[in-house]
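Visitor: Next come a sequence and a model predicted from it.
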Amino acid sequence: MKALKSAAATLALAALAAGSTGHPAEAALATVEPPYLPGAVETSGFQGVDPLRDRISFYSNREGNNEIYTMNIDGSNQVNLTRHYSQDRSPDWSPDAGKIAFYSNRDFNFDVYIMDADGARQTNLTRHPNADILPAWSPDGTKIAFFSNRTGMGDIYVMNADGTGLQRLTTSGAEDNSPAWSPDGNRIVFTSRRDGNQEIYIMDADGGNQTRLTNNDARDGSPSWSPLGDKIAFDSRRDINQEIYLMDTDGSGLVNITRNIYDQFHPDWSPDGSRITYTSNETGFGDIYVMNANGSNPERLTDNPTWDFHSDWSPLCTRVSMCVDKIPDPYQISPRPVPQAD
Ligand SMILES: [Ca+2]
Ligand SMILES: [Ca+2]
Ligand SMILES: [Ca+2]
Ligand SMILES: [Ca+2]
């Protein structure tokens, strides 16, 4: 327990030292890990996931290295999809819920991969010697945005979902990271350090009209656009510890929806916009939680003495109408509560 706790502390310190978003993933990018253990583990699919059910994906190092898992939206039936000795992180569902994008260093540096939703057919899309991380699937399924430092600068790129047609979207000379799409696919919200500390920006999907939404001395990160298009959730340390905030897409209407003494990271919306999953360190280790979109009724979904991180809710229920019948009871589709400011 103690060793694990100090490992988590080291990760947090490394994140601070890196001056980056504070994600364990990015902290690890800035530190040296021994990822290449002898003896390759074969990857393969598994039986048991019903693709017509809502699932939440996330990553965890509970089995000794980061793996991509999915679970039911009540936290049950947690399944390791990647089963590879390398670091596998930051899952992002395709809009038809048939595939999951993620990033991994199994080919000796970080690349963006896709796999089937049952873990089969894990495929490297980027194959570049620099770091390619944090994939985000476009709402129409045709493109994947991601971060790469292939020019020496950290920028946001977009490629076709088969890895062809690479385009660079940012050229600021500072780190631009964490892309997330608007639900209509016309815009991308992202983070940038171009103004000194990390802020949230938006741009058109072709890289045009890059506009800052936040402006403060703290680190603002992990933006996630609401499925209804009206809100952007993100995490920030502006109120001493890390909290989840909502704002309108022009940066107005800011609300802190967590307001507690622990750190909350990486919000992700349920497909109907009524709930938000996130990671909180209330137990000393990061676990995945879910709350209503106004911050009420937080519930813990994972219970593990390692970090569970970067939850991503399967988009199935907004895309496939039959899925509505498959949602277990307490999670029936309902109107999104309106966040209340203090
Ligand atoms: Ca792994
Ligand atoms: Ca690479
Ligand atoms: Ca800031
Ligand atoms: Ca907090």
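Guide: All right, it came through fine. Ligands and ions are numbered 1, 2, ... in the order given.
Visitor: Okay, and the beta partners of the spatially closest residue to Gln78 that is not a sequence neighbour?
Guide: Nearest non-adjacent residue to Gln78, counting by CB to CB, 6 or more residues apart in numbering: Met71, 4.3 Å away. All C-beta spots, glycine's among them, are computed from the backbone N, C-alpha and C. Met71 has these beta-bridge partners by DSSP bridges: Ile56.
Visitor: Please tell me I have it right and Met71 contacts Leu301.
Guide: Yes - between Met71 and Leu301 there is a contact under CB atoms under 8 Å: 6.9 Å.
Visitor: and the helix or strand harbouring Tyr103, what does it pack onto?
Guide: Assigned by DSSP states H and E, Tyr103 belongs to strand 99-104. Judged by 3 or more CB pairs under 8 Å, 6 or more residues apart in numbering; DSSP states H and E, strand 99-104 is in contact with strand 67-72, strand 88-93, strand 111-116, strand 132-137.
Visitor: Output the ones you listed as a markdown table; include the columns mean pLDDT.
Guide: What follows is those, written out as a markdown table (pLDDT from 0 to 100):
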| stretch | mean pLDDT |
| --- | --- |
| strand 67-72 | 93 |
| strand 88-93 | 97 |
| strand 111-116 | 96 |
| strand 132-137 | 98 |
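Visitor: Let me have those strands in JSON lines, extended by mean neighbour count.
Guide: Converted to JSON lines, the helices and strands packed on strand 99-104 look like this (neighbours: other CB atoms under 10 Å):
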{"stretch": "strand 67-72", "mean neighbour count": "23"}
{"stretch": "strand 88-93", "mean neighbour count": "26"}
{"stretch": "strand 111-116", "mean neighbour count": "24"}
{"stretch": "strand 132-137", "mean neighbour count": "26"}
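Visitor: what would the ones you listed look like in TSV with distance to ligand 1?
Guide: Shown next, in TSV, are the helices and strands packed on strand 99-104 (distance: least, CB to the ion, whole Å):
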stretch	distance to ligand 1
strand 67-72	4
strand 88-93	4
strand 111-116	11
strand 132-137	15
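Visitor: Would you map the helices across this protein?
Guide: 2-18, 24-29, 316-319 (DSSP state H).
Visitor: related to what we said a few turns ago, what's the closest of the helices and strands packed on strand 99-104 to ligand 4?
Guide: Closest to ligand 4 of the helices and strands packed on strand 99-104 is strand 88-93 (CB to the ion; 21.7 Å).
Visitor: Local confidence estimate at the spatially closest residue to Ser90 that is not a sequence neighbour?
Guide: Using CB to CB, 6+ apart and skipping residues adjacent in sequence, the residue nearest Ser90 is His310, 4.9 Å away. At His310, the model reports a pLDDT of 97.
Visitor: ok, Gly273 - contacts?
Guide: Contacts for Gly273 (CB atoms under 8 Å, 6 or more residues apart in numbering) come out as 226-228, 293, 336.
Visitor: quick check, nearest of the residues you listed to ligand 3?
Guide: Using CB to the ion, Ser226 comes nearest to ligand 3 of the contacts of Gly273, at 20.7 Å.
Visitor: Neighbours of that closest one, how many?
Guide: 20 (other CB atoms under 10 Å).
Visitor: coming back round to it: what's near enough to touch the residue nearest to Gln78?
Guide: Listed by CB under 8 Å, 6+ apart, the contact partners of Met71 are 55-56, 58, 77-79, 301-302.
Visitor: Residue numbers of the stretch 151-300 of the chain in contact with ligand 3?
Guide: Taking CB under 5 Å from the ion, the part of the stretch 151-300 of the chain that reaches ligand 3 is made up of 197, 199, 216, 220.
Visitor: isn't Tyr113 right up against Asn124?
Guide: Yes - counting by CB under 8 Å, Tyr113 touches Asn124, with 5.4 Å between them.
Visitor: what sits in contact with each of these two?
Guide: With contacts defined as CB under 8 Å, 6+ apart, the residues shared by Tyr113 and Asn124 are Ser104.
Visitor: What ranges in this protein fall below the confidence cut-off?
Guide: 1-53, 316-342 (pLDDT under 70).
Visitor: what does it put close to ligand 1?
Guide: 65, 67, 84, 88.
Visitor: The second one touches Pro91, doesn't it?
Guide: Going back to what we said before, that points to Glu67. No - using CB under 8 Å, Glu67 is not in contact with Pro91, being 10.1 Å away.
Visitor: joint contacts of the two?
Guide: Shared contacts of Glu67 and Pro91, defined by CB under 8 Å, 6+ apart, comprise Tyr59.
Visitor: What parts of the stretch 101-250 of the chain come near ligand 2?
Guide: 109, 111, 128, 132.
Visitor: Is it correct that the second one is in contact with Pro129?
Guide: In other words, Asp111. No - contact criterion CB under 8 Å: Asp111 and Pro129 do not qualify, at 9.4 Å.
Visitor: picking that back up, output the helices and strands packed on strand 99-104 as JSON lines; include the columns distance to Ile288.
Guide: Listed next are those as JSON lines, based on distance: least, CB to CB, whole Å:
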{"stretch": "strand 67-72", "distance to Ile288": "8"}
{"stretch": "strand 88-93", "distance to Ile288": "12"}
{"stretch": "strand 111-116", "distance to Ile288": "20"}
{"stretch": "strand 132-137", "distance to Ile288": "18"}
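Visitor: Phi and psi next, for the closest residue to Arg150 other than its chain neighbours.
Guide: Excluding the flanking residues, the one nearest Arg150 by CB to CB, 6+ apart is Asn130, at 4.1 Å. Per-residue torsions, Asn130: phi -90, psi 180 (degrees, to the nearest 10).
Visitor: Fine, thanks again, bye for now.
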